[in-house]
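Participant: from the sequence below, what's the structure:
(3 chains)
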Amino acid sequence: MVDVFRHDVVIVGGGGAGLRAAIAISEAQPGLSIALVSKVYPMRSHTVSAEGGAAAVAREDDSLEMHAYDTVKGSDFLGDQDVIQYFVEQAPKELTRLEHWGCPWSRNEDGTVSTRAFGGMTTKRTWFATDKVGFHMLHTLFQTSMKFGDIDRYDEHFVTKLLVDDGDCRGVAALDMRTGEMKAVLGRAVILATGGGGKVWPFTTNGNIKTGDGMALAYREGVALKDMEFVQYHPTGLPGTGILITEATRGEGGYLLNSEGERFLTTRDYGVGTKAELGPRDMISRAITQEIAAGRGVKVPGKIGQYSHLDLRHLGEEKIDSRLPFVRELSRTYANVDPVHEPIPIRPVLHYMMGGVDTDIDGATELGGLYAAGETACVSLNGANRLGSNSLTECLVFGARAGEHAVQYIQGAAAGDEARFVAQVEAEASRVEELRGRRRGGEKVSKVRESLNDAMEAGTGVYREQASMAKAVAAVAAVKASYEEVSLDDTSKVFNTELIAVLELANMLDVAETVATAAVNRKESRGAHACSDFPTRNDSEYLHHSLVHHTPEGPRFDKKDVTLGVWEPEERKY
Amino acid sequence: MSTSTPRVDSMKPATPGPTRTAPPRPPDKFPSAGRYPAYLAFGACGAFLMISALVLIGAVWAVGNGEAAWNDYRELLSHPVFLVYHVAAFIGLTWFTLRLFRLFPATQPYRIGPLKRPADAVMVAGLYGLFFTVLAVGTLFLGGALL
Amino acid sequence: MSQETKTFVVTRFDPDKDEVPKTQSYEIPVEGDWKILDALNYIKDEVDPTLSHRWSCRMAVCGSCGMNVNGEPKLTCKDPVSNYGDTVEVAPLSNFPVVRDLVVELEGFMEKFKAVKPWIVVAKERAVEEGTTRQSPDELADFKQFSMCINCMLCYAACPVVSNEPDFIGPAALALGHRYNQDTRDEGAPERNEIFRDEGGVFSCSFANECSEVCPKKVNPAGAIQQAKLRNVLDWAASFVVKRGGKES
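Facilitator: So this is what the prediction gives:
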């Protein structure tokens, strides 16, 4: 028998979106019981690693319309304009609430909140707390969440399955990592807020926990994943580790240089115009990739591949220390470079997934009672390319909206047949029990994961080709087959991280499958999806979202219309 | 890894976790390695403070109880054990004070009253300067040079 | 890059099998720019998948991977392998009960953390429509350093008071409470100071300064606690003045 825990709403994931949803529910209807289930303690969530800032209109010279247009254009017209409109309206309110909750936003001399420039944004609208914005936002949210007594945390619980009966999601099966026992955590609504799946790729800014869990959980229950082909390469990752160097370095005035010391974004045409280093991420990542391909890359001793230089020296020590102290700490610790005296070697690094669980503007999915928010979700704010500093705000805006809407949903929602959910959890318990420490002929988890990483790097990089993407589809399928033979060593029930890794790997494989197959099906270049065989955007055939559904026979494709509005698609030039 | 058992289990939750845990170890270098000996010696210097305070109280008591008591008191102070004690206390308390001064900047907030905190080195240098000045003046005074 | 090997002596403990923790040695090749965490991940991936340790961001901000390395609490993703000789001992954080291998029990800390009310306490929450609060850069700087804690637990592992006084709230949590007390937006200092003055509060600290020595983020919890002590002493002294004044008027 598994233990059953009954709540009103179950949130999976304790990062920015999950915590914001929890607080929103607590405020919308005090007394509702909320389960916050996370595979790590919430302060470990990957929101913590975001550096540069969160976007919201704050200045006199800015407007909601400008923020909306920048976002639409940044998305290469694949963002839904009703969603974007709602987002820009809510953004200042959400960041203000965070200010009231104690977030240590950096300040102007007059005591107002300071903003900085960011890529693809017309004016300074990125709120920041030096260069550890995600860290401060996450800790502020987590600490604030503690004053709400109705939030029951299930820390270090790994969700293996959504509990679905008769088309409605009513809870999760969660593996208590401490005991190795499965629990039924029930609620009349479930909100997925588990972040993205950057660990599908080998060279990524993402932490170890970013394994696409929420996307895979929803996918396996028949919910569509949307726009999965769009993955963002951040222009500036450190050699070897892929550790993120924030776009705020360029927002504060940093330059990108090639091996000849040339500011190539100003001297060559990469489509960013006078924006130069403050162009959108997709274009700058392509520019760096092209510079390297043209033989103007920088070599770093002992590191694979070639790089460009990010030069901050002209900013001076005082500005670097006051505005970008974490960048200095990271560069010194992980690249052995002091940006005050030397340029930082960087190259494009996988950072973010624009795609995710298909939701409407309320965060609702096609499955009754199932919501998603944050990077896990694809509410279609970011379209084909996300603008830097929109995603932290997205976690807040759509985390809150999903929470509030879930509260409305449960008013009329029946709890369902508990016995049937418990039976599902018991089946999960046996499945996981069988998996733990099982000996098969195959390889270790780490080896299978490496094969997956290699396939995805080869097929879904900054530039993609039909042939390489098709190869990636086949390679992922092959890795999926080898997964069935994976061999495990750890038989312990207590804190079995090998077991968690193999469950995560299954999620990564599902995510990879949807990314590779969605990519091969989009025969155009749009935003972050740069297809060498089809180098231009093709609005007549591809101005639509791509949906991938899971079926026993393999992924199934559908299209979904883009919601246009004020702005008709036009050539995306800066 | 240290194998000594700790006296308490501070980080244990109010209700024990669901699986058996291994008991906590005290800090691996405690008490004999790393920075811990200095910390313990620093704390132990409190004994000098206490004894010296008692000695001072004794002086006050002696003064209030007539000349004989005062003479007895002075004789006690000139006992060799007390001389040794005074040398030890002098060295110990000097080190105690200097260490305290070295740690002092860490205790100071970003703003002290209306002023921004001075650089750490300035604070330490100031305190050291003050201490040695007082020590020098005191020595001269007790040595009779200033009378 | 020259290929050298090092021996990692790692503490192992499986509560299902081991009465007490034991050590296991792994001799592995290391790269010159590795951190201790890279070595542990190499062991996990290539040698022994049964080794359990927590980690995630590998960029010194999520706070998961604190361990004792050669007896000193370290954030292993930030601690270079090159700082050590041929043999490196990696053990779970001291002062914590051990769940398994290098994984320690965090629930005790979570209780202490919550005890200091680490959120903005106000009589009436401001409405969004009122806009943001004004706070000068100096007012921000009054608490900013103490808001940088990543909850990595190194300070608890190093603190000699933690291993002797069961009720001690401890460095990170006290520093966080002080952080909110110092924030111009907060009105909760009276409540927090009662906790600070209580058993296990700031006056249990004997200023070993170990917490600040081992802190990988330069939060300086020891400084925060001494400042909180001073503030509480002054508040206490002021309370007499205020009370007496009250009687006379």
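Participant: what helix or strand does C:Glu139 sit in?
Facilitator: Using DSSP states H and E, C:Glu139 sits within helix C:137-144.
Participant: mean confidence for that helix?
Facilitator: The pLDDT scores in helix C:137-144 average 97.
Participant: and the next element down the chain from it?
Facilitator: helix C:154-158.
Participant: name the helices or strands packed onto that next one?
Facilitator: Counting contacts by 3 or more CB pairs under 8 Å, 6 or more residues apart in numbering or on different chains; DSSP states H and E, helix C:154-158 is packed against strand C:66-69, strand C:72-75, helix C:171-181, helix C:210-214. Yep, even glycine has a C-beta here, placed from its N, CA and C like the rest.
Participant: of these, give the one that comes closest to C:Val104.
Facilitator: strand C:66-69 (8.3 Å; CB to CB).
Participant: could you check whether that closest one is close to chain A?
Facilitator: No. Using CB under 8 Å from any CB of the partner chain, strand C:66-69 stays clear of chain A, coming no nearer than 11.5 Å.
Participant: ok, the residue nearest in space to the middle of chain C - contacts?
Facilitator: What sits nearest the mean C-alpha location of chain C, by CA atoms, centre = their mean, is C:Met153, with 3.4 Å. By CB atoms under 8 Å, 6 or more residues apart in numbering or on different chains, C:Met153 lies in contact with C:63, C:66, C:73, C:93, C:96, C:104, C:106, C:109, C:172.
Participant: please apply the same query to B:Asp72.
Facilitator: B:Ala62.
Participant: quick check, it in a helix?
Facilitator: Yes. According to DSSP: H, G, I helix; E, B strand; the rest coil, B:Asp72 belongs to a helix.
Participant: how close does it get to chain C?
Facilitator: As for B:Asp72, its distance to chain C is 37 Å (criterion: CB to the nearest CB, to the nearest Å).
Participant: will you turn the contacts of C:Met153 into a markdown table that also has neighbour count, pLDDT and distance to chain B?
Facilitator: Output for the contacts of C:Met153, formatted as a markdown table (neighbours: other CB atoms under 10 Å in any protein chain shown; pLDDT from 0 to 100; distance: CB to the nearest CB, whole Å):
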| residue | neighbour count | pLDDT | distance to chain B |
| --- | --- | --- | --- |
| C:Gly63 | 26 | 98 | 15 |
| C:Gly66 | 28 | 98 | 13 |
| C:Pro73 | 29 | 98 | 8 |
| C:Leu93 | 27 | 98 | 9 |
| C:Phe96 | 28 | 97 | 5 |
| C:Val104 | 26 | 98 | 8 |
| C:Leu106 | 23 | 98 | 8 |
| C:Phe109 | 22 | 97 | 6 |
| C:Ala172 | 28 | 98 | 12 |
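Participant: closest one of those to A:Val172?
Facilitator: Of the contacts of C:Met153, the one sitting nearest to A:Val172 (CB to CB) turns out to be C:Leu106, at 22.2 Å.
Participant: does the longest helix along chain C reach chain B?
Facilitator: Taking DSSP state H as the assignment, the helix of chain C that covers the most residues is helix C:221-248. Yes. Shown here: helix C:221-248 in contact with chain B (CB under 8 Å from any CB) through C:222-223, C:226-227, C:230.
Participant: could you report the neighbour count for A:Glu181?
Facilitator: The local packing of A:Glu181 (other CB atoms under 10 Å in any protein chain shown) involves 17 other residues.
Participant: give the bridge partners for it, please.
Facilitator: A:Asp176 (DSSP bridges).
Participant: so it makes contact with A:Asp3?
Facilitator: Yes. If you go by CB atoms under 8 Å, A:Glu181 and A:Asp3 touch, sitting 7.3 Å apart.
Participant: find the residue closest to A:Leu330 in space, skipping its chain neighbours.
Facilitator: A:Ile243 (5.7 Å; CB to CB, 6 or more residues apart in numbering or on different chains).
Participant: over to C:Glu199?
Facilitator: C:Asp167 (5.2 Å).
Participant: distance check, that neighbour against B:Lys12.
Facilitator: Computed as CB to CB, to the nearest Å, the C:Asp167 to B:Lys12 distance reads 12 Å.
Participant: kindly report the same for B:Ser78.
Facilitator: Distance from B:Ser78 to B:Lys12, by CB to CB: 54 Å.
Participant: show me the chain divided up by domain.
Facilitator: I went with chain A, as the question did not name one. For chain A, automatic domain parsing gives the domain ranges A:235-348, A:432-545.
Participant: was after chain C, sorry
Facilitator: C:4-104, C:107-248.
Participant: how about low-confidence regions in chain C?
Facilitator: Low-confidence segments of chain C (pLDDT under 70): C:1-2, C:243-249.
Participant: can we see that at 80?
Facilitator: C:1-3, C:242-249 (pLDDT under 80).
Participant: can you check the distance spanned by stretch A:223-233, start to finish?
Facilitator: Taking CA to CA, to the nearest Å, stretch A:223-233 runs 26 Å from one end to the other.
Participant: likewise for stretch A:253-267?
Facilitator: Termini of stretch A:253-267 sit 17 Å apart (CA to CA).
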